[in-house]
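Asks: can't give you the sequence, but here's the structure:
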C-alpha cells in the first residue's frame with residue numbers, strides 16, 4: 001500500500017523510505033561508476049591473492065630444491081671426509097705419485113669451496129624469499145583491514161576499549177559518531193540527537209554542519225533525526241522530502257544532500273532508556289547510502305545504544321556509591337557531635353540531635369557542616385556549647 005506525495009511515493013510500511021519519482025541519469029551514472037569501481041577493486045584483490053598463492057608455491061619449490069642441494073653437498077663432504085680418513089689410516093698420501101688414483105686434493109678443496117659458496121647463495125635466496133613472503137603477508141593484511149567488516153570489528157574493539165575510560169555518555173557517543181564517519185561508506189559527518197524531557201539537543205557531532213542540520217530539524221519540528229526517535233531506520237535520499245514539508249531543503253544550506261538516521265534504544269524496550277534519540281549520518285551527495293552502508297550503520301547504532309547504556313549505568317552506580325559514602329561519613333560526624341553535646345550538656349541523644357537541628361536551621365547550614373564544626377572546634381555559635 002502506497003500513498004502519493006508531492007515529492008514522490010512513500011511506503012506506509014515501517015522502516016521503508018520515501019523514493020523520489022524523478023529520475024536523474026547522473027544518479028544512474030554515479031551508481032554504475034561506484035559498482036564498477038567496487039568490481040575492479042574486488043578483482044584486483046582476487047588477482048593479488050592468486051599472485052601471492054603462486055609466489056608462495058614457487059618459493060616452496062625453491063626451498064625444497066635448495067634443501068636437496070644442501071643434502072647432496074653434505075653427502076659429498078661426508079664421502080670426501082671418509083676418504084681422507086681412510087687414506088690417513090692406510091698411510092696413503094693424499095697427493096703425489098703414491099696417491100690413489102682419483103680426484104686430486106686441490107680439486108677436492110675447490111669442490112668444497114664451491115659447495116660452501118653455493119650454500120651461502122642458497123641461504124641468501126632463502127632470506128630474500130622469506131622477506132618477499134613477509135611483504136606479501138603484510139599486503140594481504142592491509143587488504144583485509146580495508147574490508148568494511150574488518151573495519152567495523154576494529155571500531156567495535158576501539159569503542160569497547162574506550163567504554164570504561166569514558167566519564168559520561170556523551171564521550172562514548174562522540175566516539176561512535178566518529179566511528180560512523182570512518183566505517184560507513186558515503187558518510188561525511190555524523191551526530192547524535194538525544195531527547196530529554198521532550199527537549200532535543202545534539203550531544204555529539206563530528207562537524208559543525210552536522211550540528212547545524214540537526215538544529216534546522218529541531219526548529220522545523222520535523223526531520224529524519226526526529227522521526228528516527230520512533231522508527232528504527234529513516235533514510236532520506238535527497239532534499240526536499242515530502243515527509244517533512246517544514247524542513248524543506250534547509251539541509252542543503254549546510255551541504256547535506258542525503259541522510260540516514262537510526263533510533264537509539266535501551267537494552268530493554270520496556271524500561272526507561274537514558275538515551276531516547278537518534279544517530280544521524282550525513283552525506284554530501286544525493287542517495288549516498290547503499291544497502292550495505294545502511295546495514296553497517298544499523299549495527300553501529302545498536303552498539304552505540306548498548307555502550308551508552310553501560311556507561312550510564314556505570315556512572316550512576318559510581319555516583320550512588322559516592323552519595324552512600326558521604327551519607328555514612330555524615331552519620332559518623334553527627335554521632336560524634338551528639339556525643340559531645342550529651343557529655344557537656346548532660347542531655348539525651350534525642351535532645352542533642354534536636355539542638356543540632358535547630359542550630360543548623362538558625363545558621364542556615366547543613367546539619368553535617370554544623371556537626372563537623374562542633375567536633376573540630378568544640379563549639380557552635382548559638383548552640384550553647386563551651387570550648388574544648
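Replies: Great, that's in hand. None of these values were measured; they are calculated from a predicted model.

Asks: tell me which element the spatially closest residue to residue 185 that is not a sequence neighbour is part of?
Replies: Excluding the flanking residues, the one nearest residue 185 by C-beta to C-beta, 6 or more residues apart in numbering is residue 293, at 4.5 Å. (C-beta placed from N, C-alpha, C; glycine too.) Assigned by DSSP states H and E, residue 293 falls within helix 291-345.

Asks: now swap in residue 60 and tell me
Replies: helix 25-90.

Asks: quick revisit: I figured the residue nearest to residue 185 was touching residue 180, is that so?
Replies: No. The pair residue 293 / residue 180 is not scored as a contact, 10.0 Å apart, by C-beta atoms under 8 Å.

Asks: Which secondary structure elements does whichever helix or strand comes after the helix holding residue 293 sit against?
Replies: Per DSSP H and E, the first helix or strand lying C-terminal to helix 291-345 is helix 349-363. Other elements packing on helix 349-363 under the criterion 3 or more C-beta pairs under 8 Å, 6 or more residues apart in numbering; DSSP states H and E are helix 291-345, helix 367-377.

Asks: Flag the shaky bits of the stretch 201-350 of the chain, pLDDT-wise.
Replies: Residue ranges of the stretch 201-350 of the chain with pLDDT under 70: 266-275, 307-330.

Asks: Break this structure down into its domains, please.
Replies: Using automatic domain parsing, the domain ranges for the chain come out as 26-146, 149-313, 317-377.

Asks: Surely residue 226 touches residue 217?
Replies: Yes. Assessed by C-beta under 8 Å, residue 226 is found in contact with residue 217 at 5.8 Å.

Asks: Just want to know which of those two has more residues nearby.
Replies: Neighbour count, other C-beta atoms under 10 Å: between residue 226 and residue 217, residue 217 has more, with 26 against 22.

Asks: On the three-state scheme, that one is what?
Replies: Recorded secondary structure, residue 217: helix (DSSP: H, G, I helix; E, B strand; the rest coil).

Asks: which residues touch it?
Replies: 223, 224, 225, 226, 244, 247 (C-beta atoms under 8 Å, 6 or more residues apart in numbering).

Asks: can I get those residues in a markdown table with distance to residue 116 and secondary structure?
Replies: Listed next are the contacts of residue 217 as a markdown table, based on distance: C-beta to C-beta, whole Å; DSSP: H, G, I helix; E, B strand; the rest coil:
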| residue | distance to residue 116 | secondary structure |
| --- | --- | --- |
| 223 | 79 | coil |
| 224 | 75 | helix |
| 225 | 75 | helix |
| 226 | 80 | helix |
| 244 | 82 | coil |
| 247 | 81 | coil |
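
Asks: Now the buried members of those residues.
Replies: Neighbour counting with 16 or more other C-beta atoms under 10 Å marks 223, 224, 225, 226, 244, 247 as buried within the contacts of residue 217.

Asks: Check which helices and strands the host helix or strand of residue 203 sits against.
Replies: With secondary structure defined by DSSP H and E, residue 203 is part of strand 199-205. For strand 199-205, the packing partners by 3+ C-beta pairs under 8 Å, 6+ apart come out as helix 169-183, strand 189-196, helix 208-220.

Asks: Which residues belonging to that strand are considered buried?
Replies: Buried, per 16+ other C-beta under 10 Å, within strand 199-205: 200, 202, 203, 204, 205.

Asks: ok, the third one - contacts?
Replies: Taking C-beta under 8 Å, 6+ apart as the contact definition, residue 203 lies against 169, 170, 173, 174, 192, 193, 194, 277.

Asks: Just name the closest of those residues to residue 304, please.
Replies: residue 173 (6.4 Å; C-beta to C-beta).

Asks: Near the closest one, how many other residues are there?
Replies: 29.

Asks: same question, residue 81
Replies: Using other C-beta under 10 Å: residue 81 sits among 11 other residues.

Asks: For it, give its distance to residue 75.
Replies: Look at residue 81 and residue 75: by C-beta to C-beta, to the nearest Å, they are 11 Å apart.

Asks: got it, and residue 224?
Replies: Distance, residue 224 to residue 75, by C-beta to C-beta: 78 Å.

Asks: swap in residue 364?
Replies: Counting by C-beta to C-beta, the gap from residue 364 to residue 75 is 103 Å.

Asks: quick one on the thing from earlier: tell me which of the helices and strands packed on strand 199-205 sits most buried.
Replies: Ranked by mean neighbour count under mean count of other C-beta atoms under 10 Å, the helices and strands packed on strand 199-205 are led by strand 189-196, which reaches a mean of 24.

Asks: helices and strands around it, which ones?
Replies: The contact analysis (3+ C-beta pairs under 8 Å, 6+ apart) places strand 189-196 against helix 169-183, strand 199-205, helix 208-220, helix 224-227, strand 277-283.

Asks: 7 Å instead, please
Replies: helix 169-183, strand 199-205, helix 208-220, strand 277-283 (3 or more C-beta pairs under 7 Å, 6 or more residues apart in numbering; DSSP states H and E).
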